[in-house]
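Student: no sequence for this one, just the structure:
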């Protein structure tokens, strides 16, 4: 039995610290050591949830390549079991440019999945039945499995997804939104359309994250509740993974009985704490435990 099952979203991040964003006009720049480590959205949710004390498992595809080895070893260190299929196209990867304030620009190489889904619908349903909550990353092998996954969830088991910088129109994201009970989405491309988007997705709960400006919580089509940003426990060094940590914090708090508003406020604290750490492998005690 697991508290959280994360489907999709494993990969590696090549972190590059740069003097500023956008980059200055130059043919070359000398930068601090460049690190390759576990990254991408599913890993961010899984590792943050594990650091918060949840029992977590992940399901995804990885390449039989050095990047895949980095991911497998990091999951093992964190005590996160994984059900994995081999992706002939290799492991997903991102180049994350991070400026001195911790702001980042991510260049994402999705390594598109080729062929039929790597996991049978029955297998995913079996895994989901052993979880208290399921979080789905917007990976390309998952849309065909969403209807069966949703239909097979036991009563009381929630399903969440993170649509990232969805503009509300791109049809790729729609099946994920419609399968979920809890939808996370960045407000970066929504502007003032967040309320309309949330109303269109009712009765789902929608959380619109806005970084240092906090978040907005729409519970089943109700008016927005503002969630103030929290103060990081130390200097901001890397905002990569903060949104994933926010999602993990909200799910963790809800599983432990918190109301939505209380859970969102706690999630803001978790996301802020993640910004004070370089990478997604969080040291013990960094992320605040649920009360």
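Tutor: Alright, I've got the coordinates. Please read these numbers as outputs of a predicted model, since none were measured by experiment. Residues are numbered from 1 along each chain as shown.
Student: contacts and neighbour counts: CA atoms only from here.
Tutor: Fine.
Student: and residue 144, how far is that from residue 205?
Tutor: Applying CA to CA, to the nearest Å, the value for residue 144 to residue 205 is 23 Å.
Student: between the two, point out the one with more neighbours.
Tutor: The residue with more neighbours, out of residue 144 and residue 205, is residue 205; 21 against 13, by other CA atoms under 10 Å.
Student: so that one touches residue 218, yeah?
Tutor: Yes - using CA atoms under 8 Å, residue 205 and residue 218 qualify as a contacting pair, with a distance of 5.7 Å.
Student: who touches both of those two?
Tutor: residue 198 (CA atoms under 8 Å, 6 or more residues apart in numbering).
Student: list the contacts of the closest residue in space to residue 146 that isn't next to it in sequence.
Tutor: Distances taken as CA to CA, 6 or more residues apart in numbering place residue 179 nearest to residue 146, at 6.6 Å, with adjacent residues excluded. By CA under 8 Å, 6+ apart, the residues touching residue 179 are 146, 147, 150, 159.
Student: and what of residue 158?
Tutor: 132, 133, 134, 180, 181, 182.
Student: again, only this time at 10 Å
Tutor: Residue 158 is in contact with 4, 131, 132, 133, 134, 135, 150, 180, 181, 182, 251, 255, counting by CA atoms under 10 Å, 6 or more residues apart in numbering.
Student: what's the most distant pair in these?
Tutor: Farthest pair in those (CA to CA) is 150 and 255. Separation: 18.8 Å.
Student: the stretch 51-200 of the chain: helices as residue ranges?
Tutor: 66-78, 121-129, 146-152, 174-179, 194-201 (DSSP state H, counting those that start in this stretch).
Student: narrow the contacts of residue 158 to those that are buried.
Tutor: Neighbour-count burial (16 or more other CA atoms under 10 Å) is assigned, among the contacts of residue 158, to 4, 131, 132, 133, 134, 135, 150, 180, 181, 182, 251, 255.
Student: ok, now how distant is the fourth one from residue 252?
Tutor: So that's residue 133. Taken as CA to CA, the span from residue 133 to residue 252 is 9 Å.
Student: overlap of the contact sets of these two?
Tutor: With CA under 10 Å, 6+ apart as the test, residue 133 and residue 252 both reach 3, 4.
Student: so where do the strands sit in the stretch 1-150 of the chain?
Tutor: 2-7, 11-17, 35-39, 56-62, 82-86, 93-98, 104-109, 131-136 (DSSP state E, counting those that start in this stretch).
Student: dump these to CSV, plus mean pLDDT and distance to residue 259.
Tutor: What follows is these, written out as CSV (pLDDT from 0 to 100; distance: least, CA to CA, whole Å):
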stretch, mean pLDDT, distance to residue 259
strand 2-7, 97, 18
strand 11-17, 94, 32
strand 35-39, 93, 30
strand 56-62, 98, 22
strand 82-86, 98, 30
strand 93-98, 93, 34
strand 104-109, 91, 32
strand 131-136, 98, 16
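Student: for those strands, give me CSV that also has distance to residue 260.
Tutor: Listed next are the strands of the stretch 1-150 of the chain as CSV, based on distance: least, CA to CA, whole Å:
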stretch, distance to residue 260
strand 2-7, 18
strand 11-17, 30
strand 35-39, 28
strand 56-62, 21
strand 82-86, 29
strand 93-98, 32
strand 104-109, 29
strand 131-136, 15
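Student: all set, thanks.
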